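In: Everything below, folded, please.
(chains A and B)
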Amino acid sequence: MVMRGLSQSTQGNGHWKGILLMTFLVFISILNVNFLGRSFSLICLPVIGICLWPRTDGAIVSILAILIFGLLLDLLSAGPLGLWALIFLSIFAIFRPHMRMKSHTFGSAFGQWLLALSFAVIASYFLGWFARQSRPDFMPLLYQAVAATVLFPAIYALRHLGKNLLSDADMRGA
Amino acid sequence: MFGSDTDSTRASTLTFILAFIFAGIIFMTDRGSDRLLLQTQTQAETAISPGLALLSKPIRATESLIANYQDRSRAVEENKALKEELYRLRADKQRSDVMAIKLRSFEQILGVDSSWDLPVKKIAARAVSEVDGPFVRSALINAGRNKGIKKGHPVMTIDGLYGHVLRAGAGSSRVLQLGDLNSRISVMSVRSEARAILSGDNSELPRLAFIDDRADWREGDKVMTSGDDGVLPRGLPVGTVKADEAGAFVVALNITGKNIDWVWVYPFVPIAEPAEITDSAGEGTDNAVIAPEGSGVDPIPETPQAGTP
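Out: As a prediction, this is how the structure comes out:
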């Protein structure tokens, strides 16, 4: 599991874009949305931010930022402290989004998102079970996952737009 | 384990391992009632509450717009239903007025006060964040100690009881919803006054626990707080009793499926512990005997003072 190894052309301090996206997603994720008489929690949304983490050689800053965002989400969602921090770090280590060799297409990003989401749902189910000492209801987790998946294209488009607006020409595609 | 042996890679790998261990330790030590970093949590919530209030405004506005559109689409039938309800409520109001006069007379005759303990004052707040997850059901409201909110205060919506304040920060409060796993409140049936404990289980339908064998609970019963716990006031509407697949009684909460935007907090003062009353009543009355007037018994026995025969 290599935490570094980008080509020189993609190295840079791009992690601040990831931090910006994660800040936005963490805030949004603790707001619930009521739709068709049902309340949808978007707690899985920040996982998109991990999947779309920009390519950068600043792995240490990225790891620390992801740890802090995980803890922040735990604090603000009043859930078991450390649960999302562990999940975020695990997803970052498994998928190593900062080290991908080429820019995501929508298809590849969506595929990675589905894998990461599945991992996050399963991990949160078992970690939550362990933390609360009672078997959690799986349906709310499923609703959260579906709600986040529905919003994935919008977040992807937003991220793509932000990348084009904020990056210089050399860094586009990062 | 983490691949190539450059200094930067080794540092990244070490950082990752340390971060993972740190998160793991926090996760392991957070289990239990005494939550780690409780103060940090309250401060973080207070700091983030204004931002969340700002972010939630367009979402709530959109929800209201959709709700308004839905209301307009069924305005005619709703108008008819409301008229019917109005006629029924007029009759109920008349009956209620007559009952109030009778009750006042009985109170005067008996010299008792049967008024309910619902506080008149309400503190309005906005629910800026709501978590309906499998592990926790809570909300963050943008009012805290600055508005007089304290731990334990009941939180209401227009539809009924929403929960109670779990912790109050300087400018925000965390509210534990009725459906949360840790929520336990004493409730009663409006019809039969049967008592039970409404026990949250992180589902949409919290269950009625500790039901006495003789208690008369039925499907369709309206449920309200009983006030027996001395923590919540009596008479706050909660929901309606249903039977689940196993035949156990659960409660369909009044607030389920409703848009939670504005809430209000009752600054209810719980019943004080007996020990506190004794302490504040003054010293030297511990051995006091309360006796009815005219019984011939001295209510406070004379105790010999020190130095007197």
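In: remind me which residues of chain A are low pLDDT?
Out: A:1-13, A:35-38, A:57-58, A:166-174 (pLDDT under 70).
In: Could I get the full set of helices for it?
Out: Using DSSP state H, the helices of chain A run over residues A:15-29, A:46-51, A:59-77, A:83-95, A:106-132, A:138-166.
In: just checking, which of these sits deepest inside the structure?
Out: Across these, averaging neighbours per residue (mean count of other C-beta atoms under 10 Å in any protein chain shown) puts helix A:46-51 on top, at a mean of 27. For glycine as for every other residue, the C-beta is placed from the backbone atoms N, C-alpha and C.
In: on that earlier part again, can I get the helices of chain A in JSON lines including distance to chain B?
Out: Listed next are the helices of chain A as JSON lines, based on distance: least, C-beta to the nearest C-beta, whole Å:
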{"stretch": "helix A:15-29", "distance to chain B": "6"}
{"stretch": "helix A:46-51", "distance to chain B": "13"}
{"stretch": "helix A:59-77", "distance to chain B": "4"}
{"stretch": "helix A:83-95", "distance to chain B": "4"}
{"stretch": "helix A:106-132", "distance to chain B": "4"}
{"stretch": "helix A:138-166", "distance to chain B": "5"}
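In: and of those, who's closest to B:P274?
Out: Closest to B:P274 of those is helix A:106-132 (C-beta to C-beta; 34.3 Å).
In: What helices and strands are in contact with that closest one?
Out: Counting contacts by 3 or more C-beta pairs under 8 Å, 6 or more residues apart in numbering or on different chains; DSSP states H and E, helix A:106-132 is packed against helix A:46-51, helix A:83-95, helix A:138-166.
In: For chain B, which strand extends over the most residues?
Out: strand B:123-132 (DSSP state E).
In: for it, packing partners?
Out: Strand B:123-132 packs on strand A:32-35, strand A:38-41, helix B:38-73, strand B:137-141, strand B:173-177, strand B:262-265, going by 3+ C-beta pairs under 8 Å, 6+ apart.
In: Alpha carbons of that strand, as CSV, please.
Out: Output in CSV follows, covering the C-alpha atoms of strand B:123-132 (Å, rounded to 0.1, in the frame of the first residue of the first chain):
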residue,chain,number,x,y,z
ILE,B,123,-38.5,29.5,24.0
ALA,B,124,-38.5,29.4,20.2
ALA,B,125,-35.5,27.9,18.4
ARG,B,126,-34.7,26.5,15.0
ALA,B,127,-33.6,22.9,14.5
VAL,B,128,-30.6,23.5,12.4
SER,B,129,-29.4,19.9,12.1
GLU,B,130,-31.3,16.6,12.6
VAL,B,131,-29.7,13.2,12.6
ASP,B,132,-32.1,10.2,12.1
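In: relative orientation of that strand and helix A:138-166 in degrees?
Out: 100 degrees (axes from the mean of the first three to the mean of the last three C-alpha atoms, to 10 degrees).
In: now the angle from strand B:123-132 to helix A:15-29?
Out: Going by the same axes, to 10 degrees, strand B:123-132 makes 110 degrees with helix A:15-29.
In: Same list (the helices of chain A) but as TSV, adding distance to B:T40.
Out: Below are the helices of chain A laid out as TSV (distance: least, C-beta to C-beta, whole Å):
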stretch	distance to B:T40
helix A:15-29	16
helix A:46-51	19
helix A:59-77	7
helix A:83-95	14
helix A:106-132	18
helix A:138-166	25
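In: Low-confidence regions, chain B specifically.
Out: B:1-7, B:30-37, B:114-117, B:257, B:259, B:275-309.
In: again, only using 50
Out: Low-confidence segments of chain B (pLDDT under 50): B:1-4, B:32-33, B:281-309.
In: host element of the residue lying closest to B:T256 once chain neighbours are set aside?
Out: Distances taken as C-beta to C-beta, 6 or more residues apart in numbering or on different chains place B:E204 nearest to B:T256, at 5.7 Å, with adjacent residues excluded. Here B:E204 sits in a region with no helix or strand, counting by DSSP states H and E.
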